[in-house]
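# have a look at this fold, sequence not included:
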């Protein structure tokens, strides 16, 4: 991608993030399931033509099943969000929005589960003798 287009792409994504951060609390108050839900936008990925925006979100304090239900409700709010974005965005087209669960958080949950399931021998910290010696390291 052309460096000029890449900068413009990043500016649009950042502007979209700022606008959505202001709009989400106002629009979500109309959905009883999402009214008190804390939503964190983790990332926004725009398509090459800036016609589609995939918004990774983290929904606080709910089970995986509840997150999927709330995500469905959040995606149902997209038409309202797009109409409100139209008043603030200066682009020719308003991107189609799609909310997805933040996958990096899911990966962290899986890793935490794996670490919790380690046996005591596997969890035992390495002793100082098994670590490689660094001659340049200062000792205290």
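That came through fine. Model, not experiment: these values are computed from the prediction.
# give me the low-pLDDT residue ranges for the protein?
The model of the chain has pLDDT under 70 over residues 1, 105-106, 123-140.
# and residue 104, how many neighbours does it have?
For residue 104, the count of nearby residues is 12 (other C-beta atoms under 10 Å). For glycine as for every other residue, the C-beta is placed from the backbone atoms N, C-alpha and C.
# chain neighbours aside, what residue packs nearest to residue 88?
residue 19 (5.3 Å; C-beta to C-beta, 6 or more residues apart in numbering).
# that neighbour: what secondary structure?
For residue 19, the assignment made with DSSP: H, G, I helix; E, B strand; the rest coil gives helix.
# next, name the residue at the spatial heart of the protein.
Among the residues of the chain, the one closest to the centroid is residue 42, at 2.5 Å (C-alpha atoms, centre = their mean).
# so that residue touches residue 60, yeah?
No: using C-beta atoms under 8 Å, residue 42 is not in contact with residue 60, being 12.0 Å away.
# just to revisit the earlier point, surely the residue nearest to the centre of the chain is in a strand?
Yes: under three-state DSSP, residue 42 falls within a strand.
# show me the contacts for it.
Shown in contact with residue 42 (C-beta atoms under 8 Å, 6 or more residues apart in numbering): 56, 57, 58, 102, 104, 105.
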